[in-house]
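Colleague: Fold the following, please.
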Amino acid sequence: MTQRLYYDSSYLTHFDAQVTAVGALDGQPAATLDRTAFYPSGGGQPHDTGALNDVTVLEVRSQGDAIWHLLAAPATLGAPVQGQVDWSRRLDHMQNHSGQHILSQAFIATAGAQTVAWRLSDHSLTIDLGQASLSDGQMADAERLAAQVVQQNLPISARFVAEAELPTLHLRKQPDVEGPLRVVEIGDFDRVACGGLHVASTAQVGLIKLLRAERRGPETRIHFVCGQRALADYQRKHETVRSLASRFTCGEDELAQAIQRLQDQADSNFKALRAAQAELVTAEAARLLASAAASGLITGHYPAWEGEQVKQLALALRSQPGLVIALAGGNGQLFLASSDGAFDAGQTLRGALAAVGGRGGGRPDFAQGAAPTWDAAQQALKLIETAVEG
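Modeller: Here you go, the predicted model:
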């Protein structure tokens, strides 16, 4: 049995112990100790990392009464060790776990939404609420209440209670296990069975900030951050806003208007560009018709044109009888059209592109595809010309 020192104090990061067993888990050297402050993965909270003497602790797992430490190098049975828990990681997990308790109770109090699941990883923190949708107002109310609880600096404590005492505690969620349980209490605000580690008071959670909500069937997933993660998120977003305000030479509170003006101008320019492209397609179609070969084959090379523009040119030419149109656009795109259907555009284009390492196909009257390079597209065009002339 491993003595779990983290239940005596979640702030303990240095301790002395002795190796009681050695082995391997998933091909990694592992060891158990007579006592440990390393928290194993469980209850939604990730494991600690750190070191035993100078050997890195990569992962910590609980198996029955023993706690296994997965190590970067083998340990020696019976050897004394000094353990050191990575405090930055531990504090991050404690802040976010305590923040999750506060926010879960806040959603019950403001929206009647129960937490049905929660997840904490190195990169994300979420709770799933048993409610299909939440309004912006309900989200804001829960965040506001959570902030008030943080500011009240309520004590956070944990204790083991007998099964007989559980009905008198009015837990937020009734446990589905029997026997003594560890209960975490946040003042008079929240009380729930939990085996994880927490900060000593709500003020140590720091800022709790909701990021977004997403519908997941009958549930709503809330993404949020607490403590150090919230500060890092604010710093990153502030730097983004500051950089954009500098680029647009405006104040931060004027940034939204500056971006809207830029968007309006971009929309206007896009419409003007599309109109000019349509006029160019019409003029180019007339030019190609005037110079069409006696065989009825029309070819064109447009490396600077967008694929959609080349496609519109092919479709415009297809309206004229007795023509086969083969056009190449930017990025090696190819379009082949037959105005009377007597020539199978799909089969011909598929064969020409396959010969140069490209892919494509379509109907007998219209087909499209792409070659891997512009040179390959030119080769495919020559193959199409040979097929048409033959």
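Colleague: Residue 160 reaches residue 193, doesn't it?
Modeller: No - counting by Cβ atoms under 8 Å, residue 160 does not reach residue 193; the two are 10.3 Å apart. Just so you know, the C-beta spots here come from the backbone N, C-alpha and C atoms, and that holds for glycine as well.
Colleague: any low-confidence regions in this protein?
Modeller: 177-179, 341-342, 390 (pLDDT under 70).
Colleague: quick one: secondary structure of residue 350?
Modeller: Following DSSP: H, G, I helix; E, B strand; the rest coil, residue 350 is assigned to helix.
Colleague: wait, what's in contact with it?
Modeller: Residues near residue 350 by Cβ atoms under 8 Å, 6 or more residues apart in numbering: 360-361, 367, 369.
Colleague: okay if I get those as TSV plus secondary structure, distance to residue 134 and neighbour count?
Modeller: Shown next, in TSV, are the contacts of residue 350 (DSSP: H, G, I helix; E, B strand; the rest coil; distance: Cβ to Cβ, whole Å; neighbours: other Cβ atoms under 10 Å):
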residue	secondary structure	distance to residue 134	neighbour count
360	strand	47	21
361	strand	47	17
367	strand	49	24
369	strand	47	22
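Colleague: gap between residue 285 and residue 89?
Modeller: As judged by Cβ to Cβ, to the nearest Å, residue 285 and residue 89 stand 65 Å apart.
Colleague: Repeat that for residue 350.
Modeller: Counting by Cβ to Cβ, the separation of residue 350 from residue 89 is 56 Å.
Colleague: repeat for residue 229
Modeller: Residue 229 is 12 Å from residue 89, by Cβ to Cβ.
Colleague: quick one: which of the two has more around it?
Modeller: Set side by side, residue 229 and residue 89 show more neighbours around residue 229, with 21 against 16, by other Cβ atoms under 10 Å.
Colleague: Looks to me like that one is in a strand.
Modeller: No - applying three-state DSSP, one finds residue 229 to be helix, outside a strand.
Colleague: I figured it hits residue 96, correct?
Modeller: Yes - counting by Cβ under 8 Å, residue 229 touches residue 96, with 6.6 Å between them.
Colleague: overlap in contacts of those two?
Modeller: Residues touching both residue 229 and residue 96 (Cβ under 8 Å, 6+ apart): residue 125.
Colleague: just to revisit the earlier point, for residue 160 and residue 193, indicate the residue with more neighbours.
Modeller: Set side by side, residue 160 and residue 193 show more neighbours around residue 193, with 19 against 9, by other Cβ under 10 Å.
Colleague: Surely that one and residue 185 touch.
Modeller: No - the pair residue 193 / residue 185 is not scored as a contact, 10.7 Å apart, by Cβ under 8 Å.
Colleague: Many thanks, I have nothing further to ask.
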